[in-house]
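Undergrad: Sharing a model that was predicted from the sequence below.
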Amino acid sequence: MNIKPSAAIRKNYNEISELCKRSGEPVYLTKNGEGDLVVMDIETFARRESMLRLREKLVAAEEDRLNGAPGHSIDEVAAMMKSAIREVLDAQRR
């Protein structure tokens, strides 16, 4: 986990930007010793957003299944998984 004081973003923007890109992790900024902001590079953000959308879809599908919704064939599931994988890979390329 990368933690920096908030003043570091003003003084060392390029350093923090490079740290975010190199580590693929967010940098947590503090103000007066308390958590204040989280900074991450755009690729990491896009990847996280894609993963969250995928998880939301999986949770919704599981809820539907538990509520008696009709299932999907193996071919339908394979097509949905390929689509989800493409979405995540496309987000990583941005």
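TA: Sure thing, it's come through. Residues are numbered from 1 along each chain as shown.
Undergrad: which outside residues touch the longest helix anywhere in the chain?
TA: Longest helix in the chain by number of residues (criterion: DSSP state H): helix 42-66. If you take Cβ atoms under 8 Å, 6 or more residues apart in numbering as the criterion, helix 42-66 is touched by 20-21, 24-26, 40, 71, 84, 87-88, 91-92, 94. The C-beta positions use only the backbone N, C-alpha and C, and glycine is treated the same way.
Undergrad: can you count the residues close to the closest residue to His72 other than its chain neighbours?
TA: Spatially, and ignoring its direct neighbours in sequence, His72 is nearest to Met80 (7.3 Å; Cβ to Cβ, 6 or more residues apart in numbering). Per other Cβ atoms under 10 Å, the neighbour tally for Met80 reads 14.
Undergrad: Met80 sits in which helix or strand?
TA: Met80 belongs to helix 74-93 when assigned by DSSP states H and E.
Undergrad: thinking again about what came up before, quick one: buried ones out of the contacts of helix 42-66?
TA: Among the contacts of helix 42-66, those buried by neighbour count (16 or more other Cβ atoms under 10 Å) are Cys20, Pro26, Met40, Ala84, Ala91.
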